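>>> when you get a sec, could you give me coordinates for this:
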Amino acid sequence: ANAEKLHMIEDESIDLYTVAFGIRNFTNKDVALREAFRVLKPGGVFACLEFSKVNNALFNEAYKRWSFGAIPLIGQIVAGDRASYQYLVESIEKFPSQTEFRDMIQDAGFLVPGKGWEDLTGGIAAIHKGVKPAR
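Presented below is the predicted three-dimensional model:
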């Protein structure tokens with residue numbers, strides 16, 4: 001379904017909304033976050049696993065060199081599709097930082113526990129969480 005228009009799901013009807021490695025491809029992330037907020041029950045949880053920003057400068061430099069150099073080449077060799085894998089690394093690079101995405105989640109109406117995310121593997125990926133306030 002289109003995450004920006006979940007018309008088949010009633011308001012406040014689900015307990016948990018999850019997305020993994022996909023929200024960076026949504027056309028309008030703000031609209032999708034508001035739609036997630038709409039369909040969640042009060043107390044419901046939004047959880048998102050997504051590629052993110054590496055939080056160590058040296059590791060970030062090595063990771064970017066590997067990502068932009070190796071991933072498209074591997075895609076070309078294994079899948080015969082360099083362009084899709086080039087898009088993958090470019091979409092990761094363009095995705096908002098952890099704090100920017102946390103702020104987007106809050107702007108949609110969610111409360112965020114703690115700092116709002118948990119970094120994985122030095123920030124290569126992060127788990128973001130938001131809770132719809134209870135009434």
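
>>> and the nearest residue to Glu118 once chain neighbours are set aside, how far from Ile105?
Nearest non-adjacent residue to Glu118, counting by Cβ to Cβ, 6 or more residues apart in numbering: Ile127, 4.7 Å away. Every C-beta, even on glycine, is put in place using the N, C-alpha and C of the backbone. Distance of Ile127 to Ile105, computed by Cβ to Cβ, to the nearest Å: 12 Å.

>>> what residues sit buried inside stretch 45-62?
45-46, 48-54 (16 or more other Cβ atoms under 10 Å).

>>> and which of these is nearest Val39?
Checking the buried residues of stretch 45-62 against Val39 by Cβ to Cβ gives Phe46 as the nearest, at 9.8 Å.

>>> pull the residues that contact the biggest strand by length in the chain.
Using DSSP state E, we find that the single longest strand of the chain is strand 40-51. Contacts to strand 40-51, defined as Cβ atoms under 8 Å, 6 or more residues apart in numbering, come from residues 12-24, 33, 36-37, 92, 95, 101, 105, 110, 124-135.

>>> how about the CA coordinates for the next helix-or-strand element following that strand, as PDB?
Going down the chain from strand 40-51, the next helix or strand is helix 57-79, by DSSP states H and E. Taking Å, rounded to 0.1, in the frame of the first residue of the first chain, the C-alpha atoms of helix 57-79 are listed here in PDB:
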ATOM      1  CA  ALA A  57      34.500  10.700  11.200                       C
ATOM      2  CA  LEU A  58      37.200   8.100  10.300                       C
ATOM      3  CA  PHE A  59      34.700   5.200  10.100                       C
ATOM      4  CA  ASN A  60      32.400   7.400   8.100                       C
ATOM      5  CA  GLU A  61      35.100   8.100   5.500                       C
ATOM      6  CA  ALA A  62      35.900   4.400   5.100                       C
ATOM      7  CA  TYR A  63      32.200   3.500   5.000                       C
ATOM      8  CA  LYS A  64      31.400   6.100   2.300                       C
ATOM      9  CA  ARG A  65      34.400   5.000   0.200                       C
ATOM     10  CA  TRP A  66      33.300   1.400   0.400                       C
ATOM     11  CA  SER A  67      29.600   2.200  -0.100                       C
ATOM     12  CA  PHE A  68      30.100   4.300  -3.200                       C
ATOM     13  CA  GLY A  69      32.900   2.200  -4.600                       C
ATOM     14  CA  ALA A  70      32.000  -1.300  -3.900                       C
ATOM     15  CA  ILE A  71      28.200  -1.600  -3.600                       C
ATOM     16  CA  PRO A  72      27.400  -0.400  -7.100                       C
ATOM     17  CA  LEU A  73      30.200  -2.600  -8.500                       C
ATOM     18  CA  ILE A  74      28.900  -5.600  -6.600                       C
ATOM     19  CA  GLY A  75      25.400  -4.800  -7.900                       C
ATOM     20  CA  GLN A  76      26.800  -4.800 -11.400                       C
ATOM     21  CA  ILE A  77      28.600  -8.100 -11.000                       C
ATOM     22  CA  VAL A  78      26.000 -10.000  -9.100                       C
ATOM     23  CA  ALA A  79      22.700  -8.600 -10.400                       C
END
